[in-house]
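>>> Take this sequence and fold it.
(2 chains)
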Amino acid sequence: KNEVEQSPQNLTAQEGEFITINCSYSVGISALHWLQQHPGGGIVSLFMLSSGKKKHGRLIATINIQEKHSSLHITASHPRDSAVYICAVPPNFGNEKLTFGTGTRLTIIP
Amino acid sequence: NAGVTQTPKFQVLKTGQSMTLQCAQDMNHEYMSWYRQDPGMGLRLIHYSVGAGITDQGEVPNGYNVSRSTTEDFPLRLLSAAPSQTSVYFCASSRGTGPRYNEQFFGPGTRLTVL
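Residues are numbered from 1 along each chain as shown, chains lettered A, B, ... in the order given. Okay, here's the model as predicted:
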């Protein structure tokens, strides 16, 4: 099983701050997922990345395959970014059943 | 497109009762999964299906059954509910497996309480 660790578990920041959430995993993978769980409980996929960097609006995801590490950045954070951010990885190459991290609870204060 | 739908949204059961959680998707996705989410733990895979007629167990399958008679529907059956099955259940689908097709689409979840 691929072990997934996210840090920090909880993060509180002021509106406008630059946010970084980290994810480390133990076994080489084909792609890593970043998901967002809204306060109401719904889960949406933000990114799926195999290498390098992806950007969507104010969200940026990076991955370092050699170091088995990924980061999710939020620029110019806003209270609506308050959510739980979850990293997920498959157990190994060629197997796409996902193992999920426990999530990072982000709170942005106006 | 409605995406992935789940019913019911909330359910309370007594120990020993059985029930079926419904999941449907209208995106013609081949891959469907059921997860449970418990406090302090990541989502855990219960059962999954790679296409109609094909299902397999995930990490925590005990006490649950699934079937996949159509591409659209993937119901989860609790055979004899136990308090340990109190959880939030999510159904998800994706076009397939592999890094190009594995973007996950989640249903809204079912909050189940077993007394």
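>>> how about the strands in chain B?
Under the criterion DSSP state E, chain B contains strands at B:4-7, B:10-13, B:19-25, B:31-37, B:44-51, B:54-57, B:64-66, B:76-78, B:87-94, B:105-106, B:110-114.
>>> can you check chain A too?
Under DSSP E, chain A gives strands at A:4-7, A:10-14, A:19-25, A:32-37, A:43-49, A:52-56, A:59-64, A:69-74, A:83-89, A:99-100, A:104-109.
>>> Export these as a markdown table, with columns for distance to chain B.
Backbone N, C-alpha and C define where each C-beta goes, glycine included. Formatted as a markdown table, the strands of chain A follow (distance: least, CB to the nearest CB, whole Å):
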| stretch | distance to chain B |
| --- | --- |
| strand A:4-7 | 7 |
| strand A:10-14 | 12 |
| strand A:19-25 | 11 |
| strand A:32-37 | 7 |
| strand A:43-49 | 4 |
| strand A:52-56 | 12 |
| strand A:59-64 | 11 |
| strand A:69-74 | 14 |
| strand A:83-89 | 7 |
| strand A:99-100 | 3 |
| strand A:104-109 | 11 |
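>>> Just send the ones you listed back as TSV, with mean neighbour count too.
Below are these laid out as TSV (neighbours: other CB atoms under 10 Å in any protein chain shown):
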stretch	mean neighbour count
strand A:4-7	17
strand A:10-14	13
strand A:19-25	19
strand A:32-37	23
strand A:43-49	19
strand A:52-56	12
strand A:59-64	18
strand A:69-74	19
strand A:83-89	24
strand A:99-100	22
strand A:104-109	17
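>>> Dump those into JSON lines; add mean pLDDT as well.
Shown next, in JSON lines, are the strands of chain A (pLDDT from 0 to 100):
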{"stretch": "strand A:4-7", "mean pLDDT": "95"}
{"stretch": "strand A:10-14", "mean pLDDT": "98"}
{"stretch": "strand A:19-25", "mean pLDDT": "97"}
{"stretch": "strand A:32-37", "mean pLDDT": "95"}
{"stretch": "strand A:43-49", "mean pLDDT": "93"}
{"stretch": "strand A:52-56", "mean pLDDT": "95"}
{"stretch": "strand A:59-64", "mean pLDDT": "97"}
{"stretch": "strand A:69-74", "mean pLDDT": "97"}
{"stretch": "strand A:83-89", "mean pLDDT": "95"}
{"stretch": "strand A:99-100", "mean pLDDT": "91"}
{"stretch": "strand A:104-109", "mean pLDDT": "98"}
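>>> ranking the strands of chain B by burial, who's on top?
Each of the strands of chain B was scored by mean neighbour count; the highest is strand B:31-37, a mean of 24, by mean count of other CB atoms under 10 Å in any protein chain shown.
>>> Nearest to chain A, out of the strands of chain B?
Chain A lies closest, by CB to the nearest CB, to one member of these: strand B:105-106, at 4.1 Å.
>>> and that closest one, which strands flank it?
Partners of strand B:105-106 in the sheet, by DSSP bridges, are strand B:87-94 (antiparallel).
>>> Residues contacting the strand it pairs with, please?
Strand B:87-94 is touched from outside by A:41, A:43, B:4, B:6, B:21, B:23, B:25, B:27, B:29-38, B:43, B:46, B:74, B:76, B:101-107, B:109-112, with contacts defined as CB atoms under 8 Å, 6 or more residues apart in numbering or on different chains.
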